[in-house]
Structures are given as structure tokens and as C-alpha cells.
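# generate a structure from the sequence data that follows.
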Amino acid sequence: MDPKQKLIAIAVGSVCGLIIVALAVLLVLQIGRMGEAREARDGAESTINGYYAAKPYPSDANRKVREQDETLRTQWADKARAVLTHGLDVPQGESPSQFVQRIGETVRALNARQGSAAPAGQQEQPMDYSFGRYVVQGTMPKDADVPRLAQQFAVIEHVCDQLLDNGAVSITAVTREQFDAAEAKPEEEQTRTRRRRRRTEEAEPAVAAVGAAVDPILAKDGVRRETYSIAFTAPYTAIAKTVNALATDKLFVVVTDLEVSAPVSVAARVDELTKKRQAVKSAAARRASNSRAAAQQQAAAPADETPLFEGASPAERLVTDPAQAVPLTAVLRFDVYTAAPAEAPAAPAETKKGN
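Modelled structure (predicted):
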């Protein structure tokens, strides 16, 4: 073999050797990857087998639990609906004139139960309980409005009776949702009315009852939400008793706000009572100094060491007993949930008789 052939053979052998080495390296790498793939396959197989071995959801036990929950939820919803739709008993089938006559008598009875809260020298205006259009002005309501008006008046009468039964002194303002507002008036008359209302509101700020929409689920069940406010004067005990009574009342009442204020400043009351007591004590000391025995007793116990209000009656000292406190001014705002009253039946159409 000549040298040229030897070189060719060496070159071809080297190339073949490199190819074989490369193939061996690739084979080793592929064997490693094949092992990793086998492990991934075994892991996926275990996962799938675990899924198939698990109990199906929802199983019979899961369905039974969910069915029991649904039954309890339905029962609770029925009870809640019954409570929300429990209203007050109102006369049914009243005509507008009968309604106006009935509430007029009730308004007079409520006013007769209250003490006079007007300042001296002023004439107190009788309360109309937000029904002045009917009991004062003599306006007749629409037939379709009578059922809802009767429910609103029943709620106002019910809460006012509770206040007066618990010791309230007087009812000073009542508001309700004015759904029965008068029809639209000419622009000039509306302007005059707005001006008069603005002057009245500036002179005597009133508590306005603003209606709020009921939840659609409750509205679907025929539940109505009415908003009211009652301003009154009463001792603390009367306010507490009334709020506690409303919490357990058969009527579903939600107290949204209670504003209470004292008509007399506590600091001014303390100064007034202290000055009166000091004057009484000084006068008693002067009278006692005329007696020798009293003078000896006063020397044994100096007056400055004697408590200022010792022996004073409840009216002569600042008491913390709510039964003896000055009546408070309060505004009670609340919502009432009731069933919507049935619509008044339509009047039968008159048939014309032929001649």
C-alpha cells in the first residue's frame, strides 16, 4: 500500500471513529432522557390512577348533605318571610270618607293623651301625625290609596301608643312616605308653595322621612319597606322601654337612627342648683346661729365640712335617676317591613240604560 492510500485510510478511519464516538455520546444522552420520560410516565400514571381511585363528587352523601341544607334554608326563608310580612290589623274595605272619619277620631284621642309642650304664651298646634291633608284640610284620599294609607296610619298609631304608654310626654312631629302627594300644580303656584315650604323649614327644621327601595328578593315576595320618623319628648326610661319593645314587637321594625338631646345644659343645671343650695345653706346657718345649742353644734362641726347637698331633696340636687330627670327631646327614625296591601277592587263600569 502506497503512502497515499495509507493517508486516505487513516483519514477515513479517523472520521469513522469520530462518528462512532458521537453516536455513543448521543446514545448515552438518549438513554438518560428515556429514563426521565419513563419516570414522568410513571408519575402521570400514578396521578391518573389516584383520580380514578378517589370517590366521585358529588357522591350520594354529598347530595344528601346539600339537600338537607337546602331544606333548612327554605324553612328559614319561610319563617323570615312570615315575620317580614306580618303587619298590623287594619279595617278592610273602608271608603275614603270612613277612613278619614276613623283616623280623625284616633288623632283626637292621641292628642288628648299628651301633655302640653307649647311654651307659655303660645298656642300649641294640634298634631296631625302627617295626615293633615285628611284630618285638618278635609281632603278625601283616592280609593286606591286607602289600603296603604291605612297601613301607614296603623304603624304611626302603634308606635305613638307605645311611646305614650311607656311615659312619653308629647309627640311633636311625625313623617312618613308621602306617596299620596297632590297632583302637579301650575308653575307659579309651585313656586309659591316651594317658597312657603322653604320658609317653614328654615323656621322649624323638620325630620324628613326618605324612602328607600326594598331588596329585590323581598319585593318579589310582596314585602314593602316604609320609612317613618317620630319626634317626641320623653324621659330616658320611656325611650329605653319603647326601643326595647320595638325590638320584640310582632311588627318588623328596624330602628335606623335615634337622636336624643337634653333641653337643659348639665353644666348650667349644676351651677343653678349649687347657687340655690348655697343660698339655702347660708340662710339655715343664719337661723341656726340664733340658738345657743345650734351654735355649739355648729362649732363642733364647721359648716364648711358639711356636704353642700346633704339632706337636700331630689328636686334640689342633680340626680342621676332617670325617673327624676328632665324629659329629653328625641327623634326616632325607623323602617317597617310589611306585606303590600291588596289593591282596591276596581269600581264596576256603569252601564247606560236605553230609553
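# other SSEs contacting the host helix or strand of V100?
Per DSSP states H and E, V100 falls inside helix 96-112. When contacts are defined as 3 or more CB pairs under 8 Å, 6 or more residues apart in numbering; DSSP states H and E, helix 96-112 packs onto helix 132-135, helix 146-165. Placement of C-beta: from N, CA and C, glycine included.
# and the gap between the spatially most central residue of the chain and M140?
Nearest to the geometric centre of the chain sits T256, at 3.1 Å (CA atoms, centre = their mean). Taking CB to CB, to the nearest Å as the criterion, T256 is separated from M140 by 32 Å.
# ok, T338 next?
Separation of T338 from M140 (CB to CB): 24 Å.
# picking up where we left off before, buried set for the helix holding V100?
Applying a neighbour-count criterion of 16 or more other CB atoms under 10 Å, one finds P96, F99, V100, I103, G104, T106, V107, L110 buried in helix 96-112.
# possible to save those residues as JSON lines with distance to T71?
Output for these, formatted as JSON lines (distance: CB to CB, whole Å):
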{"residue": "P96", "distance to T71": "47"}
{"residue": "F99", "distance to T71": "44"}
{"residue": "V100", "distance to T71": "48"}
{"residue": "I103", "distance to T71": "45"}
{"residue": "G104", "distance to T71": "50"}
{"residue": "T106", "distance to T71": "45"}
{"residue": "V107", "distance to T71": "48"}
{"residue": "L110", "distance to T71": "46"}
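# by mean pLDDT, flag the weakest helix or strand of the protein.
Least confident element among the helices and strands of the chain, by mean pLDDT, DSSP states H and E: helix 187-203 (a mean of 53).
# which of the helices or strands spans V174?
Element membership for V174 (DSSP H and E) is strand 170-175.
# how far off centre is that strand?
20 Å (CA atoms, centre = their mean, to the nearest Å).
# what does stretch 234-247 give?
On CA atoms, centre = their mean, the centre of stretch 234-247 falls 16 Å from that of its chain.
# hey, C-alpha coordinates of it in PDB?
What follows is stretch 234-247 as a C-alpha-only set of coordinates in PDB (Å, rounded to 0.1, in the frame of the first residue of the first chain):
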ATOM      1  CA  ALA A 234     -89.900  61.800  77.000                       C
ATOM      2  CA  PRO A 235     -87.900  60.700  80.000                       C
ATOM      3  CA  TYR A 236     -85.000  58.400  79.400                       C
ATOM      4  CA  THR A 237     -86.900  55.400  80.800                       C
ATOM      5  CA  ALA A 238     -89.700  55.900  78.200                       C
ATOM      6  CA  ILE A 239     -87.200  56.000  75.300                       C
ATOM      7  CA  ALA A 240     -85.400  52.800  76.600                       C
ATOM      8  CA  LYS A 241     -88.700  50.900  77.100                       C
ATOM      9  CA  THR A 242     -90.000  51.900  73.700                       C
ATOM     10  CA  VAL A 243     -86.800  50.800  71.800                       C
ATOM     11  CA  ASN A 244     -86.700  47.500  73.700                       C
ATOM     12  CA  ALA A 245     -90.400  46.900  72.900                       C
ATOM     13  CA  LEU A 246     -89.900  47.600  69.200                       C
ATOM     14  CA  ALA A 247     -87.100  45.000  69.200                       C
END
